[in-house]
Structure formats: C-alpha cells, structure tokens
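>>> Provided below for reference: sequence and predicted model.
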Amino acid sequence: MGLLYRLKPSVAVVLCLLGLWGTSPHRANAKVSARDLPPQYRHWLNEEVTYIISTDEKKEFLLLKSDDERDHFIQNFWNLRNPDPHSDSNSYREEHYRRLAYANQMFGHPMLGDGWQTDQGQIYITLGAPKQKADYQTGQNVKPMQIWFYQSDTPVLPSFFYILFYKRSPTDEYTIYSPYQDGPVRLVTTLENMNDQKKSIEIIRKSMGDEIARTTLSLIPNEPVNLAEYSPSLASDVMLSNIRGLADNPITLEKMNERRMNEQVTTRLLVGAEQTELQTAVFRGQDHRSTVHYLLRFREPEATLIGAVGKDQTGYRLMLETTVVTAAGKPVYRDQSGLNEVLSAEQAEGARHQFFAAAGRLPLVPGKYKLLVTLTNQLNHAAYRQQQDIAVPEPSGIGLELSSLVAFSSTPPVSDEEGHLPFDVSGIRFDPIGIGSATIRQGEPLRIFTQVWSDLPGNGARAGRKLNFRYSYGSLSSGNMETEVDAVDEEAFDTSGSLLTGKKLATDHLLPGNYRLVVSAVEEGGDRHAYASLNFQVQPANMPVGLWTAHDPGLVRLAGYGQDDYKRGLSAAALGNSAEAAKWFGLAVNAAPPYEQGLPRLVGLLSQQQKYAELAQLGQRFAKSRMLDEKTVVLLARGIAQSGDIHLATEVLEGALSWQAPTADMYSTLAGFYRASGDNAHATQLEQRAKTF
C-alpha cells in the first residue's frame, strides 16, 4: 500500500509508510608589520620565500610573538612542501634556495638591486629553469628580448608556454611582456609605428620573423592568432596572473591543505579501517543538482566517542574531514567540520551502547571521484579513515534508474525544503541507518527509500501512466523471497525527472540472520526498468542495533544554493570542463544571497573564454565586492574593456584602488584605459606609479 502526497507543486514524493507518522580558535593578538620583525625573520619572509608563501601563511607568521614560534613555523613551512616527508633532506627547500642563489647571481645588478626582485628572478624562482631560452638582441627597430620556453606539470598553467622579456631601454633590466597590457607597440623602437599595434606587428615580422611576431600576440603556442590584426586574447594574461599568484592559487592551497591534513593525521592514533565503513548515495535536487550523501559508519558501538567535554558536562567532540579528488587524482575541494554536542546523562548512556555514523554531503557534478574521509575523536585523538571511489551519473540518457537504497529509522522524516543537511532528499530529511546495507532488530520493520531518475520530466504526457515497484526480500542462504508490489502515477516525477519513493516492509516473521532486498521499477506498457538492492541483517531483540548520527550543525545556516553550486563549479573545473564550471560559478554568484567567493573563479574562466559581455555584467553588479582581489579586478577590468566599455573598466579599477593596496598591474592597466580614452597625461602619471613597484 502506498501513499502519494506533494510538498509543493514542483516536488512529488511517494512514501509508503503505512500511517506511522502523522577550526582554529581566533587569535586575539594584533598582527605586527613585517618591518617590525627581527632581521633574520624579516629577510626570510620578504626576500627568501616571498614568491612561494601564501597570503594566509604570511598573515599567520605575522601573528607569532616569539622566535621559538617563528622557528617552529618555518620548520613546518618546509616540511609541508617536502616531497618525501620521511627523508632527512628536503629536496624542495634545497631546490628553492638553489634557484634563489642563481637568480641573485645572474639577474642582480649593483644599481638595480638583488636578482630575486627582478621579473626574470621571480619567474626563475617560481618556475625554475626554462626548457629552452633564446636571446634576441639585435633585431632591427625592435628592443632587446629574451624568450623562455616552459613545460608545465601543474593544471594551474598551460602544458606549454612562453615567457617573453624585453628591455624598455638599453640600461633597464628585463621586464615581463604582456600581449594584452603591452602589445607589440612596446617592443618597437622606431617612430614609424606611431603607437599603432598593427603596424608594430608588421615591423616585428619583418625584423624577427612570423614565429616571434605570433609570440607577441600569445604566449601559448597552440592558441590561434591573426598576424594581420592586433587581437590578443586574455589567455596569456590569465596565465601570467596565475604565475604571479601561484602560492595563493586554489589548487596550490588544496595541495597544501591535503599535506597539512596528512601531517595532522600522522600525529593521531590512526585506527584500523576494519572498525568503520564508508557508505555513499547520490541524489538529485532541482535542475539536476547532484549531491553525494555519505555515512562513515562504525561496525560496533564505540563507547570512547562519549566523554567529558567540559566541567560537569558529557558529550562528544569530533572532527570530520573530507577530501574529494578526481579519479585521476586532481584535487576538487576539501571540507572540514566540527561535530560537537553536550548530551544528557540518559543520551550519553544510550550513545555508548549504539552504533555511530558521521553524516556528510558533497555537492558534485557528474563524473568519477575518490573520497577520503577521516573522523577524529578529539577526546582521545583516535582517527578513523576510509576511502572510496564513487561515480556521479549523468542526468540524461539514463532511461530509468534507481539511486542506492537507504534504510532509515523510525524517527519521522521531516519537511526541509532548504535541503542543506545530509539526507535531505526532494524536500524531505531522513534519519538514515544504512546505505546499501543495514541492521535492524528482530520484529522491527525495514524502512527504505530510493530516488527514481528518468530522462523524461513529469508533464501532462505522463497522465494515466504507472510505474510499478516490486519489493522482493528473503534469506540469502535459502533463496526464498517474499514480494510486495506498489504502483505510482508517473505524473509524480518532478520537472527534473526525479521521484522519491519509499516502503515499510514487515520483518516480524524473520529470524535473526542475513537477508537481501531487491527493488525493481518497471514502466507500465514500456520497456524501461531499473533495479537496486540492499543487504540487511536481523539481530536478536536484545542486541545493540540502534544508530545515532551527527552532522555539522553549521550547515543549517546556509541560505540558497550559492555555496553548493560553487563546489559543483570546483568539481567541474577539476574534471576539465571549463564551460560547465563557469555555469556553476555563475549560479553561485547569482544565488540569493550571492556567494561572492565564486567571483575570482568565474572572472578567470570568462576571461579565458573571452566572454566579455558577461564580464561587463559582473562589473556592473560586483564592482565593489571585497572578493575582487588585485589579480581578479585587473582581469575583470580588462575583460570589460574588451567589451567596449572603457568607462566601466576604468570605474572598476579606480574603485578597487580606493580600498585595496595598489599593484603595478592595476596602475599600468588603468594607464592603458586612460591612454585609450585620450587622456595621455593621466596615463603617463599612472605608468610612472607602476614603475615604483
């Protein structure tokens, strides 16, 4: 017997329930200035690691109050970057100081300063020695140039690329060349070009050849260019920006977080994997938003999870860390949350004798991933870790499909249309006891739900059509199976082609033992069908069976879909689908309220895709956003300029300069806008400011 009801017009839910239910502490210390540090630490921060230390690490270092703390920080800084943590040596640190010494020796000048401060020094320290290097000192009507060729092994940068350096004057040091910001006109010495980029390309072609001319339009070898016109894309500038910001790049930070997590775990008591199991299920929300829900479930009651958490207080203090990478090992994102609660004496006693599971959720786009889940009991530092490969299926072309079967407790499901907690499915939140497998007491009903996916959304054409469900369950050893049947009107599918259905199966006649449930869905009058199964164990009534779960209570404070869609954007980017990533980052920043953390990613992708009109729209909405760091605001302004709106591009940059620290890129880009607008005096003034950096 089934019961069909609707929570809202766009969500149809079938539940066959037989009428049962009507992070680090904030530091109070003030940050000191780098110039107030003792000389050796000031030198380390400002000159030795300036290109490889992240902004957050620098802030943390400036909060330290003693030399012992600083020494400990520096040791940890290098340890996190050591490719072989078990080695007595640190090849990363050794290579870094070799590069630093080489840069100071080869690129320094008594009048201009140490080599690490030069553009060539920065590139050499950041990227190492180029695969090839070519000098062009004697080109007719062309300034001295050097071109370095690199092959990259990081997804942050193109696989192959050039860095072009040029001298503004014979006595100047080499400066990094930008195809968009500088253009070929900066490389030509003759007045014949009259600041004309197209004429400058022709002069370079005649003097240096087509290959050098194309490099002045794009630093990426496989990017198509038109030598007959000056039409550079922003891809080269995005790449240069990524090199300058490599230490703060999300992928770099994710790697450091992963190493930091592993470092932390090694200080814990890592308990054997046999004590826990990781169970996962994929569900869909509106507009095909996929989310992985999981349980890190203990196989036996674990009394040590409950203990003293304060004066005269009992409860639990757990840390749940989840790392998602692609099947190829590329970082997607990492979540960390605290699961903390004070329990009454009765609750604590019950929890000590029940099974426990930490619950979590991971918004992801379709693809294949690896999950690494670590739960740390902060009362005794025991850590439990599980890893699992998962696949999030595509929403189209599936015909008919069932999600994993989830067994849930007798606690009544509740309506929760926000859908931000683990096991919120189609506007209903469940209290799970197992995914794909479960344990119940003898005589207790088995309650399960599944989500049905169809490549056809609910609409009038489905009127009168039925979807037949067959629930067959029985002993694994005997093969004897019982069957119950339900039918659901196919109009119950929502507009995304999803349907939530459930069933309560009587098991009071089953003896203790192992059983299997197989659920099949068959379309009436059609050939579409799907299957899912669940193994369940019936325990004697006097055995501990009940499951209690915990999740991050902070999740309930989320509003809208912004953060979830941002994470879906991260997963699409990690899978190499930049168009899909831009879509999800766009949904994140357009959510209510907007999730502005997605702005840097969105601006970078739209710049790569040359979607200048969309960048202009972002500029109109988020010109004053504090998420626009100096690198992102330059990219955004350049994209807006490419759309033809120099006025808005100028406004965006000037607005950013009013509240954040200026950079050479910001000044020189703004100078280009003023020069394009005919205000050469203002442009020259800004160019002079850019040279002071």
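Now that the structure is in, tell me what you want to look at.

>>> would you map the strands across the stretch 501-650 of the chain?
Using DSSP state E, counting those that start in this stretch, the strands assigned to the stretch 501-650 of the chain run over residues 513-523, 529-539, 547-550.

>>> and what of the stretch 101-250 of the chain?
All strands of the stretch 101-250 of the chain, identified by DSSP E, counting those that start in this stretch, fall at 132-136, 145-151, 160-167, 174-176.

>>> tabulate those strands (TSV), appending distance to Val652 and mean pLDDT.
All C-beta atoms are positioned from the backbone trio N, CA, C, and that covers glycine. Formatted as TSV, the strands of the stretch 101-250 of the chain follow (distance: least, C-beta to C-beta, whole Å; pLDDT from 0 to 100):
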stretch	distance to Val652	mean pLDDT
strand 132-136	36	89
strand 145-151	31	93
strand 160-167	27	94
strand 174-176	23	94
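
>>> of those, which approaches Lys611 most closely?
With C-beta to C-beta as the measure, strand 160-167 is the member of the strands of the stretch 101-250 of the chain nearest Lys611 (22.0 Å).

>>> quick one: strands adjacent to the closest one?
strand 145-151 (antiparallel), strand 174-176 (antiparallel) (DSSP bridges).

>>> buried ones in that strand?
Neighbour-count burial for strand 160-167 flags 161-167 (criterion: 16 or more other C-beta atoms under 10 Å).

>>> give the bridge partners for the closest residue to Leu510 other than its chain neighbours, please.
Excluding the flanking residues, the one nearest Leu510 by C-beta to C-beta, 6 or more residues apart in numbering is Val538, at 5.1 Å. Beta bridges link Val538 to Ile440, Gly513 when assigned by DSSP bridges.

>>> next one: Val538 from Ala573, what distance?
Noted for Val538: a distance of 46 Å to Ala573, by C-beta to C-beta, to the nearest Å.

>>> what does Gly672 give?
On the measure of C-beta to C-beta, Gly672 and Ala573 end up 29 Å apart.

>>> quick one: low-confidence parts of the stretch 151-300 of the chain?
For the stretch 151-300 of the chain, residues meeting the criterion pLDDT under 70 lie at 192-194, 260-273.

>>> go again using 80 as the cut-off
Within the stretch 151-300 of the chain, the ranges that satisfy pLDDT under 80 run 153, 191-195, 233, 254-255, 257-273.

>>> and what of the stretch 1-150 of the chain?
Looking at the stretch 1-150 of the chain by pLDDT under 80, you get 1-36, 84-88, 109-113, 138-139.

>>> what about the strands in the stretch 251-400 of the chain?
269-271, 276-284, 290-298, 307-310, 313-326, 331-343, 355-363, 367-377, 382-392, 400-402.

>>> now the angle from the fifth one to strand 367-377?
I take that to be strand 313-326. Between the axis of strand 313-326 and that of strand 367-377 there is an angle of 160 degrees, by axes from the mean of the first three to the mean of the last three C-alpha atoms, to 10 degrees.

>>> that older thread, of the strands of the stretch 501-650 of the chain, which stretch is the most buried?
Of all those, strand 547-550 carries the top mean neighbour count, a mean of 20, counting by mean count of other C-beta atoms under 10 Å.

>>> helices or strands next to that one in the packing?
Helices and strands touching strand 547-550, by 3 or more C-beta pairs under 8 Å, 6 or more residues apart in numbering; DSSP states H and E, are strand 355-363, strand 432-435.

>>> which one of the strands of the stretch 101-250 of the chain lies nearest to Leu219?
Ranking those by proximity to Leu219 (C-beta to C-beta) places strand 160-167 first, at 4.6 Å.

>>> list of residues touching the closest one?
Outside strand 160-167, the residues that touch it by C-beta atoms under 8 Å, 6 or more residues apart in numbering are 119-120, 123, 127, 130, 143-152, 173-177, 186-187, 215-216, 219-222, 239.

>>> and with 7 Å instead?
With C-beta atoms under 7 Å, 6 or more residues apart in numbering as the test, strand 160-167 has contacts from 119-120, 123, 143-152, 174-177, 186-187, 215, 219-221, 239.

>>> now do it: distance to the chain's middle.
Chain-centre distance of strand 160-167: 30 Å, with C-alpha atoms, centre = their mean, to the nearest Å.

>>> same deal with stretch 366-375?
Centroid separation for stretch 366-375 versus its chain: 13 Å, with C-alpha atoms, centre = their mean.

>>> now stretch 79-92
Here stretch 79-92 is found 26 Å from its chain centre; the criterion is C-alpha atoms, centre = their mean.

>>> and it, how far apart are its ends?
Start-to-end span of stretch 79-92 (C-alpha to C-alpha, to the nearest Å) is 9 Å.

>>> just the buried residues of that stretch, please?
Residues of stretch 79-92 classed as buried under the neighbour-count rule (16+ other C-beta under 10 Å) are 80-81, 90, 92.

>>> returning to what we had before: going by mean pLDDT, which of the strands of the stretch 251-400 of the chain comes out lowest?
When the strands of the stretch 251-400 of the chain are compared by mean pLDDT, strand 269-271 comes last with a mean of 67.

>>> what's opposite Leu375 in the beta bridge?
Assessed by DSSP bridges, Leu375 has beta-bridge partners Leu320, Tyr384.

>>> for the remainder of this discussion, apply numbering that starts at 21.
Yes, from this point I'll number from 21; that puts the last item at Leu395.

>>> so who does it touch?
Going by C-beta under 7 Å, 6+ apart, Leu395 touches 316, 338, 340, 378, 403-404.

>>> and with 8 Å instead?
By C-beta under 8 Å, 6+ apart, Leu395 lies in contact with 296, 316, 338-341, 378, 403-405.

>>> how far away is it from Thr158?
Note on Leu395: its distance to Thr158, by C-beta to C-beta, is 66 Å.

>>> please apply the same query to Phe513.
72 Å.

>>> likewise for Asp230?
From Asp230 over to Thr158 the distance is 18 Å, taken as C-beta to C-beta.

>>> these two: which has the busier surroundings?
A direct count of neighbours by other C-beta atoms under 10 Å for Asp230 and Thr158 places Asp230 higher, at 11 against 8.

>>> bridged to the nearest residue to His571 once chain neighbours are set aside, which residues?
Once flanking residues are discounted, His571 sits nearest to Ala379: 4.4 Å by C-beta to C-beta, 6+ apart. Per DSSP bridges, the residues bridged to Ala379 are Leu315.

>>> what is the burial count for Ala379?
Ala379 has 20 nearby residues by other C-beta under 10 Å.

>>> contacting residues for it?
The neighbourhood of Ala379, defined by C-beta under 8 Å, 6+ apart, consists of 313-315, 442-443, 452, 569-571.

>>> same list, these, but as CSV with distance to Ile660 please.
Formatted as CSV, those follow (distance: C-beta to C-beta, whole Å):
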residue, distance to Ile660
His313, 41
Tyr314, 42
Leu315, 47
Pro442, 41
Phe443, 43
Pro452, 48
Thr569, 48
Ala570, 47
His571, 42
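
>>> so which of the buried residues of strand 180-187 is the closest to Glu544?
After measuring those against Glu544 - C-beta to C-beta - the closest member comes out as Phe181, at 58.3 Å.

>>> state the distance from that closest one to Leu260.
Distance of Phe181 to Leu260, given as C-beta to C-beta: 9 Å.

>>> any common contacting residues for those two?
By C-beta under 8 Å, 6+ apart, Phe181 and Leu260 have these common neighbours: Leu239.

>>> what's the most distant pair in the buried residues of stretch 99-112?
Leu100 and Asn110 (10.4 Å).

>>> pretty sure Leu595 sits against Val412.
No - using C-beta atoms under 8 Å, Leu595 is not in contact with Val412, being 10.2 Å away.

>>> need the overlap of contacts for these two.
With C-beta under 8 Å, 6+ apart, Leu595 and Val412 have common neighbours 385, 387.

>>> that older thread, can you redo the helices and strands packed on strand 567-570 as a markdown table with distance to Asp528?
As requested, the helices and strands packed on strand 567-570 are exported to a markdown table (distance: least, C-beta to C-beta, whole Å):
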| stretch | distance to Asp528 |
| --- | --- |
| strand 375-383 | 22 |
| strand 452-455 | 18 |
